[in-house]
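Novice: Pasting the sequence and the predicted model now:
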There are 2 protein chains.
Amino acid sequence: MDTVNLKKLAAELGLSPSTISRALRDSHEISKKTKDRVKALAEKLDFRPNPHASSLRQNKSKTIAVIMPEIENNFFAQVINGVESVAQKKGYHVLIYLTHEDFEKEKAILQMLRNGRVDGLMISISNSTKSSEHLKSCQEAGLPMVFFDRICENIDVPIIATDDIDSSFRATEHLLKSGCRHITHLSMSDALSISKGRQAGYNKALEKYKLSRYSSIIECSSDDEKNRQIIRKLLLRKQRPDGIFASVEKLAINTYEVCRELKIEIPATLKVVSFSNLTAAALFHPPLTTVVQPAYDIGKEAANILFRIIDKKVLSRQEKKIIIPSTLVMRASTN
Amino acid sequence: MDTVNLKKLAAELGLSPSTISRALRDSHEISKKTKDRVKALAEKLDFRPNPHASSLRQNKSKTIAVIMPEIENNFFAQVINGVESVAQKKGYHVLIYLTHEDFEKEKAILQMLRNGRVDGLMISISNSTKSSEHLKSCQEAGLPMVFFDRICENIDVPIIATDDIDSSFRATEHLLKSGCRHITHLSMSDALSISKGRQAGYNKALEKYKLSRYSSIIECSSDDEKNRQIIRKLLLRKQRPDGIFASVEKLAINTYEVCRELKIEIPATLKVVSFSNLTAAALFHPPLTTVVQPAYDIGKEAANILFRIIDKKVLSRQEKKIIIPSTLVMRASTN
């Protein structure tokens, strides 16, 4: 780009570039008369200070990064809306990085962000993340950081998440109260914090109803075709479940697809409940009962806490772990 | 952040910062022996060059911006996936800005990006964008730019979009062939390029079937409640339509909601087709016939063309206007 820079302004006015720079920053070292001359010409020539120069001077990039597994999921899209609403007010820019559930990619992204490109980052880890070394080195480098939704337990970093255990308990109890006895929980990677919490809530509900012997947790993946195979096999068993509790939207969609294929009626033969932030779930055949996460608020709070760290505020104990409850929305799939 | 910088490395080795910098960039002016010493210490101290310093030196930010109306729509989420796949290979970072269909916000974002923060931008304009001055000044400032999906016609900027006229023609013809005679087209803001194209395709199909006298186009908005009121009024008319062609997913969802409320049966009483990239449309009651846009490819091509401009390649006529066709996926809502 052929833009007007400090040097051109300086040459035009017969001043030094540093005088121009200080005049534009309203420095007390420069006389009002000079400031007025500089500002008038800057305006005339449509001069804009280079953001990399001011980032370098202030040691601030005015940018935060959001690192997450995917974007084609309403949960993450709503989180971004929340983050963006806060960042915009603070005059910050938002970089988005997708890991596509790939640990290597996640490591590479963090590695790249350690050198001052961003003032802070928020991350929801991938389901293949096996260690936390990459997160620890960012933390040790002093980069402000928060976890949202999918957290890493063995690092002291603020957490913004939903009440996975309690909301899973409520979803499972709702299936039990609707008459289900053999409920299968379709889970994501066992390594994920949210998987552990959701499994715990499911088992807690079975315990309360003295049905722990029927606990059945199946680990699925992000591969739709593989998931459908797993669900098909499950639903063709002699002793097939009468309820499915899906830990993520994708698995409920796969369940609906297989039921349609095998002509299994929901809710008559199989009841289904799922974590999901898809508003169109109400239009499914039958409408899907969902655990709706406070995605927008999770994004907003995560950004608020991140900016508090960037601004070097001391966080209270409450601010280090923010849990926002999910809501069970009952629809015909569990009727 | 307390990071190792060039000065610290220089002091440690008794060299000048500029020697360190040139050694790390493998300059031929520096001896192999010195380079090896510098690199060994840089590795030991985990030194990472400051990206703002190199941006300033190279006059490259290694960052592109994607400006779009919203993110809670699978179309835009898939576009980002496409952009990201290309940017990642080029070693570029992606900034996301949402206008929320607000012209003032769009102007403010472009204004902010004119000073070198990004090497280029791709934009899908908001439905309230009334003039193109803000786009023209970015173009005049020499900022590489492409339009995707929602374009601005009076500026010479490369375009990556779908075949709005043809795919709308096919969707409308499909309704006509399914027996509809009174088809209402639910449109977004009349000012949008895509609205104009979709309206033209709709009218072209009616003309072909000599039904132009029944042309009925209603302008809706991004407000769900207002849209439902409009659709409710339409479906309670004595002469109500027997087909709805929704220009965006949101309007199909609003139509389904009102039909459920008024107990109007789809497809028996009303047939529905819509532009939509929601895979779950197949699970709707009844499954929704959709015009699926090549969102991922639009994102990929837009990024490819943007990088060609950034790399100062001369674009061919074909590259200045890339139209990727949409696909009509027929389901029960038009049966």
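Specialist: Noted; the coordinates are in hand. Keep in mind that this is a model prediction, so the values were computed, not measured.
Novice: For whichever strand or helix holds residue A:35, which helices and strands make contact with it?
Specialist: Taking DSSP states H and E as the definition, residue A:35 sits inside helix A:32-44. Judged by 3 or more CB pairs under 8 Å, 6 or more residues apart in numbering or on different chains; DSSP states H and E, the packing partners of helix A:32-44 are helix A:6-13, helix A:17-24. Backbone N, C-alpha and C define where each C-beta goes, glycine included.
Novice: just checking, next helix/strand downstream of the helix or strand bottoming out on mean pLDDT in chain A?
Specialist: Using mean pLDDT, DSSP states H and E, the weakest-scoring helix or strand in chain A turns out to be helix A:51-58, at a mean of 65. Sequence order places strand A:63-68 as the next helix or strand after helix A:51-58, per DSSP H and E.
Novice: for that next one, packing partners?
Specialist: helix A:74-90, strand A:93-98, helix A:103-113, strand A:120-123, helix A:295-310.
Novice: Now with 10 Å, please.
Specialist: Using 3 or more CB pairs under 10 Å, 6 or more residues apart in numbering or on different chains; DSSP states H and E, the elements in contact with strand A:63-68 are helix A:74-90, strand A:93-98, helix A:103-113, strand A:120-123, strand A:145-148, helix A:295-310, strand B:93-98.
Novice: Can you point out the buried residues in that strand?
Specialist: Within strand A:63-68, the residues scored as buried using 16 or more other CB atoms under 10 Å in any protein chain shown are A:63-68.
Novice: Equivalent analysis for stretch A:22-37, please.
Specialist: The neighbour-count check on stretch A:22-37 (16+ other CB under 10 Å) flags A:22-24, A:30, A:34-35 as buried.
Novice: Name the nearest residue to residue A:198, sequence neighbours excluded.
Specialist: Distance criterion CB to CB, 6 or more residues apart in numbering or on different chains; nearest residue to residue A:198, sequence neighbours excluded, is residue A:168 at 4.3 Å.
Novice: And the next helix or strand past the helix or strand hosting that neighbour?
Specialist: According to DSSP H and E, residue A:168 maps onto helix A:164-177. Per DSSP H and E, helix A:164-177 leads on to strand A:183-187 as the next helix or strand towards the C-terminus.
Novice: what lines up beside that following strand in the sheet?
Specialist: strand A:216-219 (parallel), strand A:243-246 (parallel) (DSSP bridges).
Novice: Any chance you could list what contacts the first one?
Specialist: What it means is strand A:216-219. By CB atoms under 10 Å, 6 or more residues apart in numbering or on different chains, the surrounding residues in contact with strand A:216-219 are A:182-191, A:195, A:198-199, A:202-203, A:206, A:227, A:230-231, A:233-234, A:239, A:241, A:244-245, A:247, A:251.
Novice: and the stretch 101-250 of chain A, which of its residues are near chain B?
Specialist: A:105, A:108-109, A:111-119, A:137, A:140-144, A:224, A:249-250 (CB under 10 Å from any CB of the partner chain).
Novice: Filter the residues you listed down to the buried ones and hand me the PyMOL line.
Specialist: Here is the PyMOL command that selects the buried residues among those (16+ other CB under 10 Å):
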select buried, chain A and resi 105+109+112+113+114+115+116+117+118+119+141+143+144+249+250
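Novice: In the stretch 101-250 of chain A, what residue lies closest to chain B?
Specialist: Minimum separation of the stretch 101-250 of chain A from chain B (CB to the nearest CB) falls at residue A:115, amounting to 3.5 Å.
Novice: Surely that residue is in a strand?
Specialist: No. Under DSSP: H, G, I helix; E, B strand; the rest coil, residue A:115 sits outside any strand and is assigned coil.
Novice: quick one: low-confidence parts of chain A?
Specialist: A:1-4, A:48-59 (pLDDT under 70).
Novice: Next, the angle helix A:17-24 makes with the helix holding residue A:35.
Specialist: Orientation check (axes from the mean of the first three to the mean of the last three CA atoms, to 10 degrees): helix A:32-44 against helix A:17-24 gives 90 degrees.
Novice: Give me the distance between helix A:32-44 and the centre of its chain.
Specialist: 45 Å (CA atoms, centre = their mean, to the nearest Å).
Novice: Now do it against helix A:6-13, angle only.
Specialist: Using the same axes, to 10 degrees: helix A:32-44 against helix A:6-13 is 120 degrees.
Novice: who touches helix A:32-44?
Specialist: Residues outside helix A:32-44 that contact it (CB under 10 Å, 6+ apart) are A:4, A:6, A:8-10, A:12-13, A:15, A:19-27, A:30-31, A:47-49.
Novice: Output that helix as PDB, restricted to C-alpha atoms.
Specialist: C-alpha atoms of helix A:32-44 as PDB (Å, rounded to 0.1, in the frame of the first residue of the first chain):
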ATOM      1  CA  LYS A  32       0.400  24.000  20.400                       C
ATOM      2  CA  LYS A  33       1.300  25.800  17.200                       C
ATOM      3  CA  THR A  34       3.400  22.900  15.900                       C
ATOM      4  CA  LYS A  35       0.700  20.400  17.000                       C
ATOM      5  CA  ASP A  36      -1.900  22.300  15.000                       C
ATOM      6  CA  ARG A  37       0.200  22.400  11.900                       C
ATOM      7  CA  VAL A  38       1.000  18.700  12.100                       C
ATOM      8  CA  LYS A  39      -2.600  17.700  12.800                       C
ATOM      9  CA  ALA A  40      -4.000  19.900  10.000                       C
ATOM     10  CA  LEU A  41      -1.600  18.300   7.400                       C
ATOM     11  CA  ALA A  42      -2.200  14.800   8.800                       C
ATOM     12  CA  GLU A  43      -5.900  15.300   8.300                       C
ATOM     13  CA  LYS A  44      -5.500  16.800   4.900                       C
END
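Novice: hmm, back to that, would you turn the helices and strands packed on helix A:32-44 into CSV with distance to residue A:218?
Specialist: Formatted as CSV, the helices and strands packed on helix A:32-44 follow (distance: least, CB to CB, whole Å):
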stretch, distance to residue A:218
helix A:6-13, 63
helix A:17-24, 62
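Novice: ranking these by burial, who's on top?
Specialist: Of all the helices and strands packed on helix A:32-44, helix A:17-24 carries the top mean neighbour count, a mean of 19, counting by mean count of other CB atoms under 10 Å in any protein chain shown.
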